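Undergrad: have a look at this fold, sequence not included:
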């Protein structure tokens, strides 16, 4: 797994599959599982490797809901379009169009990368981390050098990025 979020998503999918196989899922659990499953389909993690779903997207990144209902896991959860739409209507990651025919991901506009400029080209990752730790920046997820004496520092969320500035 590439990160804790991916690990958690994977475990949730495994647990959902287990519940489906044992037929022990309540309606509320089923609705939540549908919501999380659809959110997963439209996650960056999944879209970065799901060429089929990407091929079904239009210019606005929306997909006909019928495409989602054909996925194996969705068939096991529910093939009822109205039930699926009801399950995802309160999602903070998915938008349903006005005709209730298409869905798309809500774009993530959170800024989580801080660009450090004019860092000497001789600087090492260790020295940049030491510099940042001396001013008590939040936990760093990733750090990498780039061209022109620039460094890219990635934080967990936008608030952490603001604190580091």
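TA: Thanks, I have it. A quick note: this is a predicted structure, and the numbers were derived from the prediction, not measured.

Undergrad: what does the residue nearest the centre of the chain show for phi and psi?
TA: Taking CA atoms, centre = their mean, the centroid of the chain lies closest to residue 43, which sits 3.8 Å from it. Main-chain dihedrals, residue 43, degrees, to the nearest 10: phi -70, psi 160.

Undergrad: kindly state the pLDDT recorded for it?
TA: Residue 43 is assigned 88 on the pLDDT scale.

Undergrad: how close does it sit to residue 158?
TA: Separation of residue 43 from residue 158 (CB to CB, to the nearest Å): 18 Å. Any C-beta I mention is one placed from the backbone N, CA and C, and that applies to glycine too.

Undergrad: pull the helix or strand with minimum mean pLDDT from this structure.
TA: helix 4-22 (a mean of 53; mean pLDDT, DSSP states H and E).

Undergrad: which other helices and strands does the next helix or strand after that one contact?
TA: Once helix 4-22 ends, the next helix or strand along the chain (criterion: DSSP states H and E) is helix 27-41. Helices and strands in packing contact with helix 27-41 are listed as helix 4-22, helix 72-77, helix 81-88; criterion 3 or more CB pairs under 8 Å, 6 or more residues apart in numbering; DSSP states H and E.

Undergrad: list of residues touching stretch 103-114?
TA: Here stretch 103-114 makes contact (CB atoms under 8 Å, 6 or more residues apart in numbering) with 38, 42-44, 47, 57, 60-63, 65, 68, 88, 92-97, 141, 152-158, 160-161, 164-165.

Undergrad: pull out the buried members of the residues you listed.
TA: 38, 42-43, 57, 62-63, 65, 68, 88, 94-96, 153, 155, 160-161, 164 (16 or more other CB atoms under 10 Å).

Undergrad: strands - which of those land there?
TA: Judged by DSSP state E, the subset of these located in strands is 63, 94, 95, 96, 153, 155.

Undergrad: since that was my last question, I'll sign off now.
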